[in-house]
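Colleague: please find the sequence and the predicted model below.
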Amino acid sequence: MWAPATVSGRLSEAEAFVRENPELAVTAVLGAAVVLVSAYVFVRGRRAAGDEFRRLLAEESEIAVLMHPNPDPDAMAAAIGVSSLADQLDVEATIQYPGQIRHQENRAFRTVLDLELDRIDHVSDLAAETVVLVDHNEARGFAGADGVLPTAVVDHHPGDGRGDEFTDVRTDYGATASVVAEYFNDVGAIPVPPDKHASETEGDLVLSTRAATGLLYGILTDTKHLTVGASEPDFASAAYVYPGVDQDQLDRIANPAVDAEVLEVKARAIAGRQVEGSFAVADVGGVNNVDAIPQAADELIQLEGVSAVVVIGERDGTVHLSGRSRDDRVHMGNAIESVLSEVTNGNGGGHSRMGGGTITPEVDPTGESEPETVDRDGLADALFRAMAGDV
């Protein structure tokens, strides 16, 4: 051990060195700072996302879990998971959404799992200042949505949206439900079997049967039963939640009664399809249930020899498009986006395998003229060109 005098002498030498070599001293300090910051980032980066998310939730008293407009099973499943985790941390969570829940599968998901979902029309309807976006990364679909700064974003879709404190967008995952399931696994939550109560399960946190059933169905629907767009984490998440799944509820969600109009629209799509090579476009005309349009697209893509398809329908003057692709040459979201970007009031996009869009009527505010009609034949031709890469 150094004697006090020796230590004092070395300190004096160090002070002299700093006075004579200020640039070297500054460089040394900056170097040390870089090492410390790098070490902090490394340790933080190794911390599981689920632990980070849990810590974030635990600091809040109430949150609004916001789904995208017209939420599907993946969005609802992710919202159930976030809400369930928040509840166990004594945080009040309200699941909210704009738009409607119309598809029979989505309605069955909500009914069978007995979900409390709050519909909103305006930003003032949000239940809390702390907003967690699930299955989308930018709020949309209600008045004032562009002014929402979410605290957290959990998603698997590409986009530029970010959370103020937490952002987890995994575009290599097939479903947001897989991400949320992974959070539960990260924090050591034990899935509760359907024949047991949460109190019988060891551990501070659990994955309830309802959350497990919802998360598995969300994973299955967004990956077409783990056959399209699924990655290794999707399989791992499905395996993790499986012990807690209620098979009867899963079957009831997956096999709801089918609306008669949906069957009729599917039949019109099949009978009236136009085919060019392996691409198909079907105009089903007017519909009462716009969710029949994507379901018709799901049906058409199953036809032998068809590798990409777009179904067109209309309700209340708005033209709706829904596309599917199993052709590596056709990025369906980009194809529809490119076509509708050239159309007045057209808006569209999506994934490589799935896309959609709308064309809203341009109404004369004076009421002196009728809204312009969409050239549906020209629209079909443009879609064929886009699918063929001629854009």
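Modeller: On my side now, so go ahead.

Colleague: so A139 makes contact with H122?
Modeller: No - between A139 and H122 there is no contact under C-beta atoms under 8 Å: 11.9 Å. (Each C-beta comes from the backbone N, C-alpha and C, glycine too.)

Colleague: these two: who's more crowded?
Modeller: A139 (23 against 11; other C-beta atoms under 10 Å).

Colleague: tell me which element the more buried one is part of?
Modeller: Under DSSP states H and E, no helix or strand contains A139.

Colleague: what's the separation between it and F184?
Modeller: 25 Å (C-beta to C-beta, to the nearest Å).

Colleague: for V169, same thing?
Modeller: 19 Å.

Colleague: more crowded one of these two?
Modeller: Ranked by neighbour count (other C-beta under 10 Å), V169 and F184 place F184 first, with 27 against 20.

Colleague: ok, now which ones touch the more buried one?
Modeller: 50, 81, 85, 205, 207, 211, 240-241 (C-beta atoms under 8 Å, 6 or more residues apart in numbering).

Colleague: those in strands, which ones?
Modeller: Judged by DSSP state E, the contacts of F184 include L207 as members of strands.

Colleague: for the closest residue to V123 other than its chain neighbours, give me phi and psi.
Modeller: Spatial nearest neighbour of V123, chain neighbours left out: G144 (3.0 Å); criterion: C-beta to C-beta, 6 or more residues apart in numbering. The phi/psi pair for G144 (degrees, to the nearest 10) reads phi 90, psi 10.

Colleague: ok, now which ones touch G144?
Modeller: 122-124.

Colleague: what are the ranges of the helices in the stretch 251-391 of the chain?
Modeller: Taking DSSP state H, counting those that start in this stretch to define them, one finds helices in the stretch 251-391 of the chain at 260-271, 292-300, 332-340, 376-387.

Colleague: how about these in JSON lines, adding mean pLDDT, distance to L215 and mean neighbour count?
Modeller: Formatted as JSON lines, the helices of the stretch 251-391 of the chain follow (pLDDT from 0 to 100; distance: least, C-beta to C-beta, whole Å; neighbours: other C-beta atoms under 10 Å):
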{"stretch": "helix 260-271", "mean pLDDT": "94", "distance to L215": "26", "mean neighbour count": "17"}
{"stretch": "helix 292-300", "mean pLDDT": "94", "distance to L215": "22", "mean neighbour count": "23"}
{"stretch": "helix 332-340", "mean pLDDT": "95", "distance to L215": "25", "mean neighbour count": "23"}
{"stretch": "helix 376-387", "mean pLDDT": "96", "distance to L215": "34", "mean neighbour count": "19"}
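
Colleague: so which of the ones you listed gets nearest E62?
Modeller: When the helices of the stretch 251-391 of the chain are compared by C-beta to C-beta, helix 292-300 sits nearest E62, at 34.4 Å.

Colleague: run the angle between the closest one and helix 260-271 for me.
Modeller: Using axes from the mean of the first three to the mean of the last three C-alpha atoms, to 10 degrees, the direction of helix 292-300 lies 50 degrees away from that of helix 260-271.

Colleague: same for helix 292-300, what does it pack against?
Modeller: Under the contact criterion of 3 or more C-beta pairs under 8 Å, 6 or more residues apart in numbering; DSSP states H and E, helix 292-300 touches helix 260-271, strand 279-286, strand 308-315, strand 318-325.

Colleague: and that helix, how far out from the chain's middle?
Modeller: The chain centroid and the centroid of helix 292-300 are separated by 21 Å, computed with C-alpha atoms, centre = their mean, to the nearest Å.
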